[in-house]
Each structure stands twice: as C-alpha cells, then as structure tokens.
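Enquirer: I need the structure of the sequence given here:
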Amino acid sequence: MTVKPLFAAILLGAALPIAACQTVAGTQWGAAQDAALTAAVAAPTRSEANRLRDPYRHPAETLRFFGVKPSDTVVEIWPGGGWYTEILAPYLAAGGGRLYAVAPDWGMSGIKKLKDANAPLYGSIETADFPAFDANATRVPDGTADVVLTFRNVHNWRMGYRRDDKQDYSAEAFRQAYAMLKPGGVLGVVDHRLPEDASDERERSSGYIKVSTVRRLAEAAGFKLEAASEINANPKDTADWPNGVWTLPPSYALKDTDRAKYAAIGESDRMTLKFVKPR
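Expert: The predicted structure is shown next:
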C-alpha cells in the first residue's frame with residue numbers, strides 16, 4: 001500500500017495513518033530493509049532505558065515511514081543522548097551507509113559517550129555544527145545527504161533555545177537542512193503537536209508546535225510535504241499541561257505531583273511529517 005498524500009481539508013492539524021507499507025511514500029521497501037531495521041532496533045548495544053521508550057517512539061515504524069535505507073547517508077540533527085543514534089549507527093554500519101550527528105558543541109556529549117563506550121560501532125559517526133552560524137563552522141557538505149532526521153527539535157529552534165538572545169532561528173535551521181540534502185532527499189520531522197487553535201505564545205513556551213508552523217518553515221526553505229503519519233500520535237495528550245510538554249514522561253517536571261496521572265497519559269502527542277527536496 002502506498003502512503004497517500006495529504007488532502008487540503010487536513011493540511012493543518014491532522015495526519016494520515018501509515019498502515020503496513022511495502023512502498024513507503026515513493027521508496028521501494030523490501031524484506032531486506034525490514035530485516036536490517038528489526039536487527040538494529042534489537043541491537044544489544046542499545047540501552048535498556050532507551051528500549052523502554054519504544055512503545056512511545058515507534059522507531060522501526062518511524063524510520064520505515066521516512067524510507068531510511070541502510071545504504072543511505074543520514075544526518076541526525078541534535079541527537080541528544082543518542083536515543084535514535086543507537087539504532088541508526090548499527091543499521092547504517094551494516095548496510096554501508098554513513099551517519100552524521102550534527103549539533104552545537106554543547107549538544108554532542110551524548111555522542112561522545114557513545115563513542116567512548118563502543119568505538120568500533122560509533123567511532124565512524126561524523127560530526128558537524130548545526131545550526132552553522134559561524135563562517136568557520138564544520139558543515140555537512142551541501143547536496144550529500146539522502147535523509148535528514150530531526151526528532152523533537154523544531155520547537156527548540158522556534159523558542160530560541162540555547163541562544164542568549166532567545167531569538168527564533170527555526171527558518172535558518174530548515175534552510176541549512178535543505179542545503180545538506182540531495183535533490184529528492186527526505187527531511188523527516190517528529191515533534192510535539194500543538195492544536196492549531198492554540199495561541200502563538202503557547203508555541204513559544206510549551207514545547208509543543210503546530211503542524212502548520214512546521215509546514216510553513218519547511219516550505220519556505222523549499223521543501224514539499226509528501227506524507228504524514230499518526231505513528232507517534234497520542235490522543236490522551238491534550239497539550240495544555242502546567243509545565244508544558246515537560247509535565248509528561250519522561251521529564252515529569254512536577255516530580256511526584258500527579259505522577260501516576262501523567263504516567264497513564266504517556267509521552268506526548270507527536271506529528272510525523274515527511275518532506276522532500278524537489279528534484
């Protein structure tokens with residue numbers, strides 16, 4: 001089954017379910033890719049704490065939806081502690097692919113720890129600056145990536161996270177992601193989904209972001225929305241918590257206050273959007 005494109009009536013807030021696909025949004029997908037991805041998710045080098053979050057993050061389904069092949073050159077933007085890196089590294093290493101981890105220097109501690117813990121597997125990960133604002137910054141060469149992935153980061157760029165002036169730099173982040181990709185390359189975005197009728201202020205403070213905002217940023221950079229999925233949706237999340245998205249697991253910003261309530265809700269409701277750089 002082919003993942004259908006979005007229709008006009010659902011372009012802002014809703015997304016299509018993925019279903020079980022053999023042709024994933026234009027990417028031929030077969031048994032070999034499925035076996036390699038299953039093996040990577042089951043890799044013994046993954047931490048047990050990360051495995052426990054699989055029911056919320058759906059890594060195999062998500063990477064399959066984005067069409068990430070084991071032979072691809074993949075850029076993972078802001079990998080944090082390396083939750084997805086633990087899957088992408090063995091997956092790409094086994095298939096002859098290439099993995100870049102890109103972030104400011106302060107965001108590379110998780111990747112450095114992985115390299116120290118398992119140099120044969122993680123030592124080949126290449127690193128670069130992102131966003132690269134300095135002329136002397138290390139960049140992913142333009143037009144070299146098959147896939148660029150960013151998981152729960154666009155809201156940070158929109159909020160001006162880690163900038164002293166707190167200015168929104170999301171537009172520049174999308175422009176740089178676009179430059180990395182080959183024509184026909186894929187940008188995969190997962191982020192906490194804010195209802196479309198919410199205020200702009202909530203978008204700048206809650207950790208949630210609107211689908212329409214992500215679309216606007218991506219399309220302004222030149223991307224085309226190819227497909228969307230409800231893989232990472234959570235209808236229990238109303239996105240109106242006292243401490244924003246960090247109220248929910250795994251952060252539990254309120255600590256023990258109503259912890260059982262938030263545990264029962266689970267992790268956030270997330271959009272999963274697949275954009276393409278036109279050929």
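Enquirer: excluding chain neighbours, what is closest to the residue nearest the centre of the chain?
Expert: In the chain, the residue lying closest to the centroid (C-alpha atoms, centre = their mean) is Phe151, at 2.2 Å. In space, and not counting its chain neighbours, Phe151 is closest to Val190: 4.8 Å by C-beta to C-beta, 6 or more residues apart in numbering. In this view, the C-beta of every residue, glycine as well, is placed from N, C-alpha and C.
Enquirer: what distance separates the host helix or strand of Glu226 from the centre of its chain?
Expert: Element membership for Glu226 (DSSP states H and E) is strand 224-229. Averaging C-alpha positions (C-alpha atoms, centre = their mean, to the nearest Å) puts strand 224-229 14 Å from its chain's average.
Enquirer: packing partners of that strand?
Expert: In terms of contacts (3 or more C-beta pairs under 8 Å, 6 or more residues apart in numbering; DSSP states H and E), strand 224-229 is packed against helix 211-221, strand 270-276.
Enquirer: what sits against Ala218?
Expert: By C-beta atoms under 8 Å, 6 or more residues apart in numbering, the contact list for Ala218 reads Phe174, Leu187, Val189, Leu225, Leu273, Phe275.
Enquirer: got the residues you listed as CSV, with distance to Leu37 and neighbour count columns?
Expert: Converted to CSV, the contacts of Ala218 look like this (distance: C-beta to C-beta, whole Å; neighbours: other C-beta atoms under 10 Å):
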residue, distance to Leu37, neighbour count
Phe174, 27, 27
Leu187, 19, 28
Val189, 19, 30
Leu225, 24, 19
Leu273, 20, 25
Phe275, 21, 27
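Enquirer: that older thread, next, the angle from the strand holding Glu226 to strand 270-276.
Expert: If you take axes from the mean of the first three to the mean of the last three C-alpha atoms, to 10 degrees, strand 224-229 sits at 150 degrees to strand 270-276.
Enquirer: how about the nearest residue to Gly123, chain neighbours excluded?
Expert: In space, and not counting its chain neighbours, Gly123 is closest to Lys115: 5.6 Å by C-beta to C-beta, 6+ apart.
Enquirer: that neighbour: what's it in contact with?
Expert: By C-beta under 8 Å, 6+ apart, the contact list for Lys115 reads Tyr122, Gly123, Ile125.
Enquirer: can you tell me the element it falls in?
Expert: helix 109-117.
Enquirer: ok, and for that helix, which residues are buried?
Expert: Gly110, Ile111, Leu114, Lys115 (16 or more other C-beta atoms under 10 Å).
Enquirer: helices or strands next to the helix or strand just after it in the packing?
Expert: Of the helices and strands lying after helix 109-117 in sequence (DSSP H and E), the nearest is helix 119-122. Secondary structure elements in contact with helix 119-122, counted by 3+ C-beta pairs under 8 Å, 6+ apart, are helix 85-95, helix 109-117.
Enquirer: check which helices and strands whichever helix or strand comes after helix 119-122 is in contact with.
Expert: Scanning forward in sequence from helix 119-122 by DSSP H and E, the next helix or strand is strand 126-128. Secondary-structure packing of strand 126-128 (3+ C-beta pairs under 8 Å, 6+ apart): strand 98-102.
Enquirer: for the strand it packs on, list the C-alpha coordinates in PDB.
Expert: C-alpha atoms of strand 98-102 as PDB (Å, rounded to 0.1, in the frame of the first residue of the first chain):
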ATOM      1  CA  ARG A  98      27.000   6.900   6.600                       C
ATOM      2  CA  LEU A  99      25.800   8.800   9.700                       C
ATOM      3  CA  TYR A 100      26.400  12.400  10.600                       C
ATOM      4  CA  ALA A 101      25.500  13.700  14.100                       C
ATOM      5  CA  VAL A 102      25.100  17.500  14.000                       C
END
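Enquirer: nothing else from me, thank you.
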